[in-house]
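*Asks:* Would you be able to build a 3D model of this:
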Amino acid sequence: MDGRPRHDHRRAWVARGALAALLGLGLWMHLEALRTIDARLAGVRSALRAGEERQEVLRDEIVDLHRGLGDVAAGLAALEEGLGAVRREATIARVLAERLERTEGELGMIGEAVEAQAGSLQVLAEAQASFGPDVLASELAARDARLAQQVESLEEIVGRAEAKAEESSRLVEELDETVRSPRDLSQMWRDLVGPVVQLAGETSVGSGVLLSSRFDEARGAWATPVLTAWHVVRDIQGPAGRRDAPVPVTIYAEDGGLRAAEARLLCNDADIDIALLELLTPGEIENGARIPRREELAAVRIFDEIYAVGCPLGNAPIPTRGEIATSHQAVDTARYWMINAPTYIGNSGGGIFHSETHELLGIFSRIYTHGTVRPTIVPHMGLVTPLDVVYDWLAREGYAVVEPADGTEPVHLAAAGG
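*Replies:* Got it, this is the predicted structure:
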């Protein structure tokens, strides 16, 4: 019992020693770690101080670079200004060189002219030396005569020019008066709308154009030719093809009155879509269209203004205004004009009239359509059979377009030799 406590005391002492050793070792290791950390912190502080110094150096270098760039920019601006001055001087030098070259050329021409003049003077001097007093007087008299003749010719030219100027002035005054004066709407109706009639069948409607009536003594009635499109007559006469079937015609009066008549077919040409009908009436039919001479038709050009007058959709004659779009529109083998005046179904066979002279220029034939399943009508693309083509056809059919020699009477249609 007495020995056991001593043994436990020794063990406790050993344990305390070991614990102290362990604590000392741990303390030493912590101290070493702290010294390492402190050394690293010192390195970091040194690196930071070095970085700050390096940043300061970099700032100084950047400032120096900015100053250097400013100097370079200033140098470039000065260089550009110098180059501009050089370019201007080069341009001035080139212009001066061109002017100098032209001046040299002009001086050369002047020199040649001076030499030629000197030669002419020499020739003149020699000629004068060879002339005697009589020869010189004769030559001067001949020159005076030629000069007088030239003066007379110039006076004649001046006289003609003055007369032309007076005529032009008069025409300008007449034109101004025409422009200032209001249009005679009644006359326009008689010239443009009155000649147009409606041709109507049971399922078809179209238009026609009356020409001047003439009394036929043999038949004791007034005969009035009517020009129209052949397909209008064909559709009215029907598929049976009775060419002797009468064609119903409605004639319109300026006061709104209507007059019914029947026309018979004289001749037709499907290739140019034209037909000639005739009305026989006990009284004269007024307002026949005026037809132009061939030279007037030949003068028609694109952009000439026209009126298209027809009976669209069975209405009374309606005028629409437009221009000649082209005078050479080929369809199959026929030549047509194209107009841009609005037209529609029923205008076929109607008239195309000159907007100023009111003369008939052609017969409306057809309208362009777009599409095949459900075709759309293009009302500003109409085809017209021109009257010069109609004249050629009438001549082949035995009819003549009679033109008066003195131009005092209107052009009219008559049987060949009539």
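
*Asks:* With adjacent residues omitted, what lies nearest to residue 209?
*Replies:* residue 351 (4.2 Å; Cβ to Cβ, 6 or more residues apart in numbering). For glycine as for every other residue, the C-beta is placed from the backbone atoms N, C-alpha and C.

*Asks:* Model confidence score at the one you found, please.
*Replies:* If you check residue 351, the pLDDT there is 98.

*Asks:* is it fair to say residue 283 lies in a helix?
*Replies:* No. Looking at residue 283 with DSSP: H, G, I helix; E, B strand; the rest coil, it is coil, so not inside a helix.

*Asks:* Check whether it really touches residue 224, as I assumed.
*Replies:* No. Counting by Cβ atoms under 8 Å, residue 283 stays clear of residue 224, with 10.4 Å between them.

*Asks:* So for these two, which residue has more residues nearby?
*Replies:* Taking neighbours as other Cβ atoms under 10 Å, residue 283 and residue 224 compare with residue 224 leading, 24 against 9.

*Asks:* Where does the more buried one sit, in terms of helix or strand?
*Replies:* Element membership of residue 224, judged by DSSP states H and E, is strand 221-228.

*Asks:* Return the distance of that strand from the chain's centre.
*Replies:* 42 Å (Cα atoms, centre = their mean, to the nearest Å).

*Asks:* buried ones in it?
*Replies:* Neighbour counts over strand 221-228 (16 or more other Cβ atoms under 10 Å) mark 222, 223, 224, 225, 226, 227, 228 as buried.

*Asks:* ok, which stretches of the stretch 101-250 of the chain are strands?
*Replies:* For the stretch 101-250 of the chain, applying DSSP state E, counting those that start in this stretch gives strands covering 196-200, 205-210, 214-216, 221-228, 247-252.

*Asks:* between the longest one and strand 196-200, how big is the angle?
*Replies:* Right, the one you point to is strand 221-228. Calculated by axes from the mean of the first three to the mean of the last three Cα atoms, to 10 degrees, strand 221-228 forms an angle of 80 degrees with strand 196-200.

*Asks:* Which neighbours in the sheet does strand 221-228 have, and how are they oriented?
*Replies:* strand 205-210 (antiparallel), strand 214-216 (antiparallel), strand 274-281 (antiparallel) (DSSP bridges).

*Asks:* and those strands, which is most packed in?
*Replies:* strand 205-210 (a mean of 26; mean count of other Cβ atoms under 10 Å).

*Asks:* separation between the spatially most central residue of the chain and residue 316?
*Replies:* Nearest residue to the geometric centre of the chain (Cα atoms, centre = their mean): residue 303, 11.4 Å. According to Cβ to Cβ, to the nearest Å, residue 303 stands 29 Å off from residue 316.

*Asks:* and if you look at residue 239?
*Replies:* 28 Å.

*Asks:* Also residue 81?
*Replies:* Distance, residue 81 to residue 316, by Cβ to Cβ: 82 Å.

*Asks:* Same question for residue 275.
*Replies:* Counting by Cβ to Cβ, the gap from residue 275 to residue 316 is 22 Å.

*Asks:* same check, this time on residue 333
*Replies:* 35 Å.

*Asks:* who's more crowded, these two?
*Replies:* Neighbour comparison, residue 333 and residue 316: the larger count goes to residue 316, with 12 against 7 (by other Cβ under 10 Å).

*Asks:* Does that one belong to a helix, a strand or coil?
*Replies:* Residue 316 - assigned by three-state DSSP - is coil.

*Asks:* is it possible to export the strands of the stretch 101-250 of the chain to CSV including mean pLDDT and distance to residue 259?
*Replies:* As requested, these are exported to CSV (pLDDT from 0 to 100; distance: least, Cβ to Cβ, whole Å):
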stretch, mean pLDDT, distance to residue 259
strand 196-200, 97, 9
strand 205-210, 97, 11
strand 214-216, 93, 18
strand 221-228, 96, 12
strand 247-252, 96, 4
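
*Asks:* returning to that earlier point: dump the strands paired with strand 221-228 to TSV, plus distance to residue 320.
*Replies:* Output for these, formatted as TSV (distance: least, Cβ to Cβ, whole Å):
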stretch	distance to residue 320
strand 205-210	13
strand 214-216	31
strand 274-281	21
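
*Asks:* what residues are up against the residue lying closest to residue 343 once chain neighbours are set aside?
*Replies:* Closest residue to residue 343 apart from its sequence neighbours, by Cβ to Cβ, 6+ apart: residue 382 at 4.4 Å. Listed by Cβ atoms under 8 Å, 6 or more residues apart in numbering, the contact set of residue 382 reads 308, 338, 339, 340, 341, 343, 347, 364, 365, 366, 367, 368.

*Asks:* Which of those sits closest to residue 213?
*Replies:* Of all the contacts of residue 382, residue 364 has the smallest distance to residue 213: 22.4 Å, by Cβ to Cβ.

*Asks:* ok, the closest one touching residue 351?
*Replies:* Yes. With contacts counted by Cβ under 8 Å, residue 364 reaches residue 351, the gap being 7.2 Å.

*Asks:* ok so, going back, is the residue nearest to the centre of the chain part of a helix or strand, or is it coil?
*Replies:* coil.

*Asks:* List the residues that contact it.
*Replies:* Counted by Cβ under 8 Å, 6+ apart, residue 303 has contacts 323, 324.
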